[in-house]
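> Just a sequence and a predicted model for now, questions to come.
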Amino acid sequence: MRGLALRLAVPCFAACIAAVLAHLAIDVAGDYLLPVDTYDVLAHGSRGATTLVALLVACAAMWAIVRAALAEVRGSPGALREALKSALPDSPFRFALVVIGLSAPILLAMGALDASLAGKDLDDLGDLVGGSFLLAGVCDALIGGLVAFTVFKFIRFLSRVHRAIVRAVEYFVRLPRLTHAASLLVASSTTVRPRTLRALLRCTTGNRAPPMLPAHAVLA
């Protein structure tokens, strides 16, 4: 289940980030390469919305990683490594194709959202990507591939340091237990001192040694 969550979250996160960056690149390049850049007349609230979705997906992926580390702490050896391994295909090129394929419809959805928020009617589907499918495809392919390669390397790095991640999670899990045990130890070793004068006198009197007897009484 944890591997499935990462398998879905990692490419979705990469695709959202690639779509936002490609959307920005199309907007900038369209000012110089296109006779009519349809992105110029639209507000781009979709970038913030897509970035928010990417952050939520990243949080879900991090939670899946923490759960896998917890499972390994509790006695499932290799759980984190297997979860991270299942999050990616064997080839970075295959992962790049997945990310590019997912980011393309996200780009179209972003354009549709911007047009809907602006209340503007678009002439054709090309207006959803700035006015040129060729420019949008090039930007999406280049940026999607770069983002996919970066995410691929990052997940592989986490796989190499998975033992350090497990040790860190184990430390944070055991820290409250150690703190609780230390507090119990301190409480058990602390004596309750009398606070009233009568209790203090009674405690002092009870701790005094018995009176000394005369020497002749001892000899008798």
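Ah, there it is. The model shown is predicted, which means the values in this text are computed figures rather than measured ones. Numbers count the residues shown, from 1 in each chain.
> contacts and neighbour counts: CA atoms only from here.
Noted.
> Grab the most central residue of the protein for me.
M62 (3.3 Å; CA atoms, centre = their mean).
> got the contact list for that residue?
Not one residue lies near M62 by CA atoms under 8 Å, 6 or more residues apart in numbering.
> Also V138?
Contacts of V138 by CA under 8 Å, 6+ apart: none found.
> Please point out which parts of the helix or strand where it lies sit buried.
Here V138, judged by DSSP states H and E, is contained in helix 133-160. Going by neighbour count (16 or more other CA atoms under 10 Å), the buried part of helix 133-160 is 135-137, 139-141, 143-149, 151-152, 156, 158-159.
> Surely L113 and S46 touch.
Yes - taking contacts as CA atoms under 8 Å, L113 lies within contact range of S46: 6.2 Å.
> A22 touches C139, doesn't it?
Yes - at 5.5 Å, A22 counts as touching C139 under the criterion of CA under 8 Å.
> any idea which helix or strand comes after the lengthiest helix in the chain?
Longest helix of the chain, by residue count under DSSP state H: helix 2-33. Moving toward the C-terminus from helix 2-33, the next helix or strand (DSSP H and E) is helix 45-73.
> contacting residues around the helix or strand that that next one is followed by?
Later in the chain than helix 45-73, the nearest helix or strand by DSSP H and E is helix 79-86. For helix 79-86, contacts defined as CA under 8 Å, 6+ apart pick out 2-4, 6-7, 65, 68-69, 71-72, 155-156, 158-159, 162, 166.
> filter these to the buried ones?
2-3, 6-7, 65, 68-69, 71-72, 156, 158-159, 162, 166.
> Where is pLDDT lowest across those residues?
Lowest pLDDT among the buried ones among the contacts of helix 79-86: R2, with 57.
> picking up where we left off before, and the buried ones among the contacts of helix 79-86, which is closest to L107?
Nearest to L107 among these is R7, at 21.5 Å by CA to CA.
> How about the contacts made by that closest one?
Neighbours of R7 in contact, by CA under 8 Å, 6+ apart: 86-88.
> a markdown table please, covering those residues and showing neighbour count and distance to V98.
What follows is the contacts of R7, written out as a markdown table (neighbours: other CA atoms under 10 Å; distance: CA to CA, whole Å):
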| residue | neighbour count | distance to V98 |
| --- | --- | --- |
| S86 | 16 | 15 |
| A87 | 22 | 12 |
| L88 | 21 | 10 |
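> Throw those into CSV and include distance to P35 and pLDDT, thanks.
Converted to CSV, the contacts of R7 look like this (distance: CA to CA, whole Å; pLDDT from 0 to 100):
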residue, distance to P35, pLDDT
S86, 45, 85
A87, 42, 86
L88, 40, 86
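> Low-confidence ranges, this structure, go.
1-3, 41, 175-220 (pLDDT under 70).
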